[in-house]
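Chemist: give me a model of this one.
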Amino acid sequence: MVFNSLTFLVFFAVVLFLHNLRLPWSIKKANLLVASFLFYAAWNPPFLLLLWASTVVDWAVALKIHRQTEQGRRRAWLIVSIIFNLSFLGFFKYGNWAQENWHALMQLIGVQYTAPKWNILLPVGISFYIFHSMSYTLDIYWKRVEPIPKLFDFALFVSFFTQLVAGPILRTADLVPQFQRPRTATANQLCWGFALMIFGMFEKVVLADGVFAPAVDAVYGNGDPITGVDAWVGTASFATQIFFDFAGYSVTAIGAAMCLGFSIPNNFRAPLAAIGIAEYWRRWHISFSTWLRDYVYYPLGGSRDGEARTYLNLMITLLISGLWHGANWTFVIWGGVFGLLLCGERWMRRKTKAWNIPKGLWFQVSMMLLTFGIITCTRVLFRSPTLAEAMSIYRSMIGLHADAAPILSLYQIVLSMVCVALTLFAHWHMRDKELEHVVARAPQWLLVSAMSGMLFLTIITQGNGDGFIYFQF
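Modeler: Next up, the predicted model:
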């Protein structure tokens, strides 16, 4: 069940209706938990067992950690949680990939080996809910939070349907305290929540799928050498498409939660207006980047142990980020490239600290465009299914396939690049602003017109109900 489907509209209408009935709060929470399980089971019911197992184990282990006074035993129980969760994640997400790499290694050293066909299915959202659950046991171990006494509340935190399969990746402090007392949306929250859902669906259906996906799919589904123009337009379109696809999900999730009376943190903050790679990561998929910072980078030592160790910690963190995104060497290299970029940017900032660097508008815009160009180049690895195809795209981008036949029409090129430019302008305009403040200052007629227009375009846009890109992670 995806947000951009009629099934979800019916599902959400029923959930919202039940949530607003005059029922005890315990019954309403039970309705939300059952609804969340049904939402997840719509993909593959047996995978509910994995969700339940991760939830029960981490809740029980966290209580064990909290009750232990001896540090060695606390650490042992934490290791149980980590091994249990990462074993699930490793088998289902990386089992097929590990088998393929083992087969390739045997072939390389001349060993005749025929690998069995595992055909492991990837449970949707497993990377997200595993991180949800693991953050709790880690926080208990570091004594950042108190244990959740009721398994019921912890299960609702992990499985809450609005953010279950593609984030934002929440901490218990973000959501569990909101379960402690009855919550229903006020009239203002309901209006704002529905507006966010319309806006999120507009981003996904109209912009990501309607405007950018045709050019991206044509370029990356071709298989043959392409022209430099096609490569650049297709990749810039993908860099923009993936924002609208993922941000569209996050905004819809935030809006759906708000309609039920819950508040979920923002996951994006105009990332395409970032000046520099470090700032990009502070604005893109914020819940994930802060998770890596708090549970990987800082425990490794962060920047406390000298520059060389800082660079190593950055590389380890970003390589884990790449591997988290998918079982493919393209993602590992993508993470490594970002690690090198962050290390290089940190080194340059130290070396140029005393320089009189201009701070004017045009310099900032130039640095934003340069950052977007770098991000666009890295997206080749993110979108390409193989390293061979990624290298072919890179060769096209530097003009080595000049004799290739054009793929994209002039209309597709103009439409894509105009929309990329408008997106960059919108992000620059929103760079230091919050959407709530902009909306609060806008005239009522403009808001109604904008919402009506986005809803109309979302309804009439012809689509096939494509799932969100980050579902595969």
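Chemist: longest single helix anywhere in this protein?
Modeler: Secondary structure of the chain read by DSSP state H shows that its longest helix is helix 71-108.
Chemist: for that one, packing partners?
Modeler: If contacts are counted by 3 or more CB pairs under 8 Å, 6 or more residues apart in numbering; DSSP states H and E, helix 71-108 sits against helix 48-67, helix 126-141. (Glycine included, C-beta is placed from N, CA and C.)
Chemist: next, the residues that contact whichever helix or strand comes after the last one from outside, please.
Modeler: This points to helix 126-141. Using DSSP states H and E, the helix or strand that follows helix 126-141 towards the C-terminus is helix 151-159. Helix 151-159 has contacts (CB atoms under 8 Å, 6 or more residues apart in numbering) with 29-30, 32-33, 36-37, 40, 51-52, 54-56, 58-59, 129, 132-133, 136, 148, 164, 170, 172, 175-176, 179.
Chemist: for the residue lying closest to residue 116 once chain neighbours are set aside, grab the count of nearby residues.
Modeler: Spatial nearest neighbour of residue 116, excluding adjacent residues (CB to CB, 6 or more residues apart in numbering): residue 99 at 7.8 Å. By other CB atoms under 10 Å, the residues close to residue 99 number 15.
Chemist: on that earlier part again, which parts of the longest helix of the chain are buried?
Modeler: 74, 77-78, 80-82, 84-85, 88-89, 92-94, 96-97 (16 or more other CB atoms under 10 Å).
Chemist: farthest pair in these?
Modeler: Pairwise distances across the buried residues of helix 71-108 (CB to CB) peak at 35.2 Å, for the pair 74 and 96.
Chemist: could you measure from residue 266 over to residue 251?
Modeler: Plainly put, residue 266 is 9 Å away from residue 251 if you go by CB to CB, to the nearest Å.
Chemist: brain fart, residue 38
Modeler: 23 Å.
Chemist: repeat that for residue 238.
Modeler: To residue 251, residue 238 is 20 Å away according to CB to CB.
Chemist: these two touch, right, residue 179 and residue 26?
Modeler: No - under the criterion of CB atoms under 8 Å, residue 179 is not in contact with residue 26, lying 10.4 Å apart.
Chemist: tell me which of those two has more neighbours.
Modeler: Each of residue 179 and residue 26 has its neighbours counted (other CB under 10 Å); residue 179 has more, 20 against 10.
Chemist: and that one, what does it touch?
Modeler: Here residue 179 is in contact with 29, 153, 156-157 (CB under 8 Å, 6+ apart).
Chemist: what about those residues, which one has the most neighbours?
Modeler: That'd be residue 157 among the contacts of residue 179, by other CB under 10 Å, with 23 neighbours.
Chemist: on the pLDDT front, check that one for me.
Modeler: Looking at residue 157, its pLDDT is 94.
Chemist: quick one, phi/psi of the residue nearest the centre of the chain?
Modeler: Central residue of the chain (CA atoms, centre = their mean): residue 285, 5.3 Å from the mean position. Backbone torsions of residue 285, given as degrees, to the nearest 10, read phi 40, psi 60.
Chemist: tell me who's in contact with the residue lying closest to it once chain neighbours are set aside.
Modeler: Nearest residue to residue 285, sequence neighbours excluded (CB to CB, 6+ apart): residue 267, at 6.2 Å. Residue 267 makes contact with 167-168, 247, 250, 254, 285-287, according to CB under 8 Å, 6+ apart.
Chemist: narrow the residues you listed to those in helices?
Modeler: Using DSSP H, the contacts of residue 267 in helices are 247, 250, 254, 286-287.
Chemist: okay, now residue 238: neighbour count?
Modeler: 26.
Chemist: distance between the helix or strand it falls within and the chain's centre?
Modeler: Per DSSP H and E, residue 238 falls inside helix 228-259. Centroid separation between helix 228-259 and its chain, computed with CA atoms, centre = their mean, to the nearest Å, is 10 Å.
Chemist: which elements pack onto that helix?
Modeler: Here helix 228-259 touches helix 6-19, helix 187-201, helix 213-220, helix 361-383, helix 387-397, helix 410-429, going by 3+ CB pairs under 8 Å, 6+ apart.
Chemist: out of the ones you listed, deepest packed?
Modeler: helix 213-220 (a mean of 20; mean count of other CB atoms under 10 Å).
Chemist: sorry, back to before: between residue 38 and residue 251, which is the more surrounded one?
Modeler: For residue 38 versus residue 251, neighbours defined as other CB under 10 Å are more numerous around residue 251 (25 against 16).
Chemist: make sure the more buried one is actually in contact with residue 199.
Modeler: Yes - with contact defined as CB under 8 Å, residue 251 counts as touching residue 199 (5.7 Å).
Chemist: the residue nearest to residue 52 when sequence neighbours are not counted: neighbouring residues, count only.
Modeler: In this structure, residue 52 finds its nearest non-sequential neighbour in residue 155, 7.9 Å apart by CB to CB, 6+ apart. Residue 155 has 20 neighbouring residues, counting by other CB under 10 Å.
Chemist: and residue 59, by the same measure?
Modeler: Other residues near residue 59 number 24, with proximity taken as other CB under 10 Å.
Chemist: wait, it sits on residue 148?
Modeler: Yes - with contact defined as CB under 8 Å, residue 59 counts as touching residue 148 (6.9 Å).
Chemist: now do the shared contacts for these two.
Modeler: By CB under 8 Å, 6+ apart, the residues touching both residue 59 and residue 148 are 136, 154.
Chemist: buried set for stretch 246-265?
Modeler: Buried positions in stretch 246-265, judged by neighbour count with 16+ other CB under 10 Å: 246-262, 264-265.
Chemist: look up how far residue 346 lies from the nearest residue to residue 398 once chain neighbours are set aside.
Modeler: Distances taken as CB to CB, 6+ apart put residue 228 closest to residue 398, at 7.4 Å, once the chain neighbours are dropped. Note on residue 228: its distance to residue 346, by CB to CB, is 32 Å.
Chemist: swap in residue 68?
Modeler: Taken as CB to CB, the span from residue 68 to residue 346 is 39 Å.
Chemist: which regions of this structure sit below the pLDDT cut-off?
Modeler: 1, 354-357, 462-473 (pLDDT under 70).
Chemist: contact partners for the closest residue to residue 172 other than its chain neighbours?
Modeler: Once flanking residues are discounted, residue 172 sits nearest to residue 136: 5.3 Å by CB to CB, 6+ apart. By CB under 8 Å, 6+ apart, the residues touching residue 136 are 58-59, 62, 145, 148, 154, 157, 171-172.
Chemist: how about a cut-off of 7 Å?
Modeler: Residues in contact with residue 136 (CB atoms under 7 Å, 6 or more residues apart in numbering) are 58, 62, 172.
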